[in-house]
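A.B. asks: Based on what follows, work out the 3D shape:
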Amino acid sequence: MPTLYSYASETYHNRGCMIIPPLSAQTDPHASPPSRSSGSVRTIVMEYTLCNLACHWCVERIETVAHPWYHAVMAAQRYGGVIEDYVWLESWIDYTKSHIADCRHRLFLHNSWGIFVGERIHGTTLTRASDGKVLPIRPLLEDHILQDFGKIPTLAACLAQVPAAPPFGEVVLADHCRASATRYGGQPEDYAPLHRFLDWPRDYLPDGLYQRILHNGWGIALCEEAFGDELRRASDGESVATRAIATDHIAAELGVVPTLESCLEGITVQRWMCTRAMPDPT
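C.D. replies: Reported below is the predicted structural model:
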């Protein structure tokens with residue numbers, strides 16, 4: 001039977017794993033780093049730093065973290081196959097950690113929109129290398145997020161700390177497409193899918209916050225995953241570098257291509273972002 005872990009007024013649902021939530025906030029800046037034993041699994045020691053005037057504590061270093069390998073172990077336990085069948089997908093959704101070392105990196109793909117980004121890039125199914133079985137990708141990504149957060153937030157919820165703001169230097173889709181055709185050739189409609197991809201978060205963040213999601217260096221790399229290194233024009237079969245088109249799109253609106261980290265300005269680490277998951281030893 002699934003187990004419910006209740007901790008600090010939050011309830012986490014166990015889907016084939018042991019959810020290890022972070023310790024409750026402390027208010028004494030001189031207190032010793034807290035620790036919590038999780039039975040026979042292991043002890044997780046967290047070192048905290050006081051990160052704002054409200055005395056919230058954010059994770060500075062964690063001895064044991066929710067590594068993609070652990071997620072792959074849980075996927076193999078639940079769906080069959082071997083760890084290597086899943087570790088590439090679990091690593092993909094966590095790749096934003098290469099840009100941002102703390103758990104705020106999860107805000108970009110660990111949400112309901114991010115699951116559909118995974119399907120857009122990798123397809124709706126995967127084929128296990130170990131036995132050739134075909135599985136849908138969506139439940140695997142849902143499990144990953146639940147194991148990390150205990151819930152699947154919306155994209156808007158992930159940016160809830162940031163006040164609404166108008167778009168900065170926004171350019172409409174038709175103008176982006178015309179600019180691309182003028183610079184690289186072909187017809188404006190050749191470029192519409194890529195420009196729509198960069199603006200996709202606007203469906204969920206109708207104000208200027210949507211520009212924080214893909215209008216950055218990581219967003220350009222994600223375009224390359226979605227469209228390949230080169231975009232082949234439907235009108236004449238010629239190819240144009242995906243990175244060049246995406247860079248033009250972002251620079252036309254923001255003037256520069258920001259880093260992913262800079263897009264988190266105004267967002268501090270909160271307890272719900274830092275839940276940890278490990279395989280159930282039983």
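
A.B. asks: Point me to the residue sitting farthest from the middle of the protein.
C.D. replies: Using Cα atoms, centre = their mean, the residue of the chain lying farthest from its centre is Asp236. It sits 35.4 Å away.

A.B. asks: Not counting residues beside it along the chain, what's closest to that residue?
C.D. replies: Gly186 (5.9 Å; Cβ to Cβ, 6 or more residues apart in numbering). C-beta here means a position set from N, CA and C on the backbone, and glycine is covered the same way.

A.B. asks: any low-confidence regions in the stretch 51-200 of the chain?
C.D. replies: The model of the stretch 51-200 of the chain has pLDDT under 70 over residues 51-65.

A.B. asks: residue ranges of the strands in it, please?
C.D. replies: For the stretch 51-200 of the chain, the strands defined by DSSP state E, counting those that start in this stretch cover 57-62, 125-127, 134-136.

A.B. asks: Please report phi then psi for the residue positioned nearest the centre of the chain.
C.D. replies: Centroid-nearest residue in the chain: Leu109, 2.2 Å away (criterion: Cα atoms, centre = their mean). Backbone torsions for Leu109, taken as degrees, to the nearest 10, come to phi -120, psi -20.

A.B. asks: Surely it touches Thr96?
C.D. replies: Yes - contact criterion Cβ atoms under 8 Å: Leu109 and Thr96 qualify, at 6.2 Å.

A.B. asks: ok, the closest residue to Ala76 other than its chain neighbours - contacts?
C.D. replies: Of all residues not flanking Ala76 in the chain, Ile83 sits nearest, at 5.2 Å (Cβ to Cβ, 6+ apart). Applying Cβ atoms under 8 Å, 6 or more residues apart in numbering, we find Ile83 in contact with Trp69, Ala72, Val73, Ala75, Ala76.
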